[in-house]
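Asks: I need the structure of the sequence given here:
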Amino acid sequence: MDTVNTHEAKTHLSQLLERVANGEEIIIAKAGKPVARLTGFCAEDRDRTGGHWKGLVRIGDDFDEPLPDEISKAFATPE
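Replies: Presented below is the predicted three-dimensional model:
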C-alpha cells in the first residue's frame, strides 16, 4: 500500500487510478496524515433477488396500529 500527498494525487490521478484498477490500494495524505483510501470498485453485475431475509424477520400483529399518545406527541411537529 503506497501513500501519496494530495498534490501528487491531484497531479497523477489517472496514473493512480490505473494502479488501483490493477489491485493496488493507495492512501492519500494531507500534511503526512492519512485522510482517504483509494481502492478499486467492484460493481455488482448480478440480478438482485428477494427473499434473503425470509423467515428471519418478524413483524408484530400490531405493526400498523396507531401509536400511543405519548409517542405520537414526541414525533409531532411544533406549530
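
Asks: Give me the below-cutoff pLDDT ranges for the protein.
Replies: For the chain, no stretch has pLDDT under 70.

Asks: Where is the longest helix in it?
Replies: In terms of residue count, the longest helix belonging to the chain (DSSP state H) is helix 13-21.

Asks: Which strands or helices does it pack on?
Replies: strand 26-30, strand 33-38 (3 or more CB pairs under 8 Å, 6 or more residues apart in numbering; DSSP states H and E). C-beta: built from backbone N, CA, C; applies to glycine.

Asks: could you redo the last one with a cut-off of 6 Å?
Replies: Contacting helix 13-21 under the criterion 3 or more CB pairs under 6 Å, 6 or more residues apart in numbering; DSSP states H and E is no other helix or strand.

Asks: can you tell me how far the most centrally placed residue in the chain sits from Ala21?
Replies: Against the mean C-alpha coordinate of the chain, by CA atoms, centre = their mean, the closest residue is Phe41 at 12.1 Å. Computed as CB to CB, to the nearest Å, the Phe41 to Ala21 distance reads 9 Å.

Asks: Same check on Arg46?
Replies: On the measure of CB to CB, Arg46 and Ala21 end up 21 Å apart.

Asks: Among the two, which residue is more densely surrounded?
Replies: The residue with more neighbours, out of Arg46 and Ala21, is Ala21; 10 against 5, by other CB atoms under 10 Å.

Asks: Work out for me the element the closest residue to that one other than its chain neighbours sits within.
Replies: Leaving aside its sequence neighbours, Ala21 sits nearest to Gly40 (CB to CB, 6 or more residues apart in numbering; 6.4 Å). Assigned by DSSP states H and E, Gly40 falls within no helix or strand.

Asks: what's the neighbour count on Gly40?
Replies: 12.

Asks: Looks like it contacts Glu18 (just checking).
Replies: No - Gly40 lies out of contact with Glu18 (CB atoms under 6 Å); the separation is 11.1 Å.
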